[in-house]
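Novice: Take this sequence and fold it.
(one chain, ligands or ions: 2)
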Amino acid sequence: MAALEIENLSFAYRNHPPLFRGLSLRADETVGLIGANGAGKSTLLKLLVGLEEGYGGSVRVQGREARGKGLEEIRKRTGYVFQDSESQLFLRTVREDVAFGPRNQGRPDWERVTAESLERTGLGGLGNRNVYQLSGGEKKLAAIAGVLAMGAEMMLLDEPSAALDPANRERLIAILNALPGVKLIASHDLDFIYDTCKRVILLSHGEIAGDGPAEEILRNRALLEANELRLPLSFRFGAESRGNCRGGTEHGNA
Ligand SMILES: Nc1ncnc2c1ncn2[C@@H]1O[C@H](COP(=O)(O)OP(=O)(O)OP(=O)(O)O)[C@@H](O)[C@H]1O
Ligand SMILES: [Mg+2]
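Specialist: Numbers count the residues shown, from 1 in each chain. Ligands and ions are numbered 1, 2, ... in the order given. As a prediction, this is how the structure comes out:
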């Protein structure tokens, strides 16, 4: 059993033409999900945790079908960072919000886990802050801290690096690379994808237009450009001299 198994998925938003028309994929590793605006990345992630419902075919997360009873289990075990962090944070303070997951799971060590997640994301000093008084990047970090605190087996991250400054972006790369478990990372930040994912799936109008090692897909200029994307900086202008950038620590261009 792979962590994620999608077979013959079909889905349409109400009163809209079909978005997915028989999509199949299996993943048991961290995967980068790329594709033009509107390609279907966010919808795919939402279907996995039941934020959109009414699909045809089969969607299984860790062996559980993403409908009915299966969804309850999937939600307990899956961390999800929304593309729009406004709709993610809903409790009064940052600390309460980050604590929600581990408290809900009944973890006796929820206070420690919450404090650790705040520290790891650099939000240690903002625990008492009202979530509505955070900057865009801080909201994203708070949402990520909440997902880390869940200790989820699977993580779905929708544009996790958007709104982060370069230092926080680097911090997030290190956090994700140190985490066990399967991650699905949707992003237009192809350098971020390169630094965090070994496999990349390219979506185009709800279909898989490319699937392979990050090194191959992200270097394929023709494929990327045919899909409104561009070569990541890592592969432009002789940036090969940057050497092995995995882990995101070497950004020199010696
Ligand atoms: N609630 C909705 N109702 C109707 N159509 C929707 C809805 N949400 C998204 N869509 C449409 O479904 C398609 C896929 O959207 P989705 O958000 O999955 O794309 P995406 O790949 O995440 O794009 P982006 O890179 O802009 O985040 C788009 O054409 C979008 O307009
Ligand atoms: Mg999206």
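
Novice: contacting residues around the residue of the stretch 51-200 of the chain found nearest ligand 2?
Specialist: Residue nearest to ligand 2 within the stretch 51-200 of the chain (C-beta to the ion): residue 83, separated by 4.8 Å. For the C-beta atoms, the positions are set from N, CA and C on the backbone; glycine is no exception. Residue 83 makes contact with 42, 158-159, 162, 186, according to C-beta atoms under 8 Å, 6 or more residues apart in numbering.

Novice: Spell out which residues of the stretch 151-254 of the chain are next to ligand 1.
Specialist: Within the stretch 151-254 of the chain, no position is near ligand 1 by C-beta under 6 Å from any ligand atom.

Novice: Strands of the stretch 151-254 of the chain, residue ranges please.
Specialist: 154-158, 182-186, 199-204, 207-213 (DSSP state E, counting those that start in this stretch).

Novice: In the protein, what residue lies closest to ligand 2?
Specialist: Per C-beta to the ion, residue 42 is where the chain lies closest to ligand 2, at 3.1 Å.

Novice: What's the local residue count around that residue?
Specialist: For residue 42, the neighbour count with other C-beta atoms under 10 Å is 19.

Novice: before we move on, which element is it in?
Specialist: Assigned by DSSP states H and E, residue 42 belongs to helix 41-48.

Novice: Tell me the first helix or strand C-terminal of that helix.
Specialist: Immediately after helix 41-48, counting by DSSP H and E, sits strand 56-61.

Novice: which helices and strands does the very next helix or strand once past that following strand pack with?
Specialist: From strand 56-61 onward toward the C-terminus, using DSSP H and E, the following helix or strand is strand 64-65. Helices and strands touching strand 64-65, by 3 or more C-beta pairs under 8 Å, 6 or more residues apart in numbering; DSSP states H and E, are helix 69-77.

Novice: For residue 97, which non-adjacent residue is closest in space?
Specialist: Nearest non-adjacent residue to residue 97, counting by C-beta to C-beta, 6 or more residues apart in numbering: residue 91, 4.3 Å away.

Novice: rewinding a little: quick one: which of the contacts of residue 83 has the most company?
Specialist: Ranked by neighbour count (other C-beta under 10 Å), the contacts of residue 83 have residue 186 at the top, with 25 neighbours.
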